[in-house]
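Asks: coordinates only, no sequence provided:
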């Protein structure tokens, strides 16, 4: 286990979140922008495709954001409702791929400080799940930092065995 990952786990353990509650992982405030099905037939394979599709949506039907918390745990990426604290989705980290940030120096850029990641189809669910790309606007933390944290945890998660 590399030094950065161990340091991150120590930082996450018993951390006080922005809600003032001690939790089991890093907690970030984000706005959910979109979730897209991933695949060649959807012309959506790479993070850049997600940004392109987001811009198309903005021009055609608009985008309705929803405030959420994104929590990183040692084995899960959890999406939590901002208003009531309910868990909306839980993704096993071994299925999370391509954590990517889009950050622009242009203050007029509509899509700035954006986090994207893909959740692969879960082979344990025997064809009942699909690969999806999730896109969030990061509010209080750099999308690059969150993408780096996700990358570190998914790397460790993919090794199998205990993470602590």
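Replies: Yep, it's here. Just so you know, these numbers come straight off a predicted model, no measurement behind them.
Asks: could you find the closest non-adjacent residue to the residue nearest to the spatial centre of the chain?
Replies: With distances taken as C-alpha atoms, centre = their mean, residue 117 lies nearest the centre of the chain, 5.4 Å away. If the residues on either side of it in the chain are set aside, residue 117 comes closest to residue 99, at 4.5 Å by C-beta to C-beta, 6 or more residues apart in numbering. Every residue, glycine included, has its C-beta placed from N, CA and C.
Asks: now the residue nearest to the centre of the chain: which helix or strand?
Replies: strand 114-119 (DSSP states H and E).
Asks: so what touches the helix or strand just after that strand?
Replies: Next in sequence after strand 114-119, counting helices and strands by DSSP H and E, comes strand 132-138. For strand 132-138, contacts defined as C-beta atoms under 8 Å, 6 or more residues apart in numbering pick out 28, 30-38, 44, 47, 49-51, 54, 65, 68, 70, 79, 101, 111, 113-119, 143, 146.
Asks: show me what strand 132-138 pairs with in its sheet, parallel or antiparallel.
Replies: When pairs are called by DSSP bridges, strand 132-138 turns out to pair with strand 26-37 (antiparallel), strand 114-119 (antiparallel).
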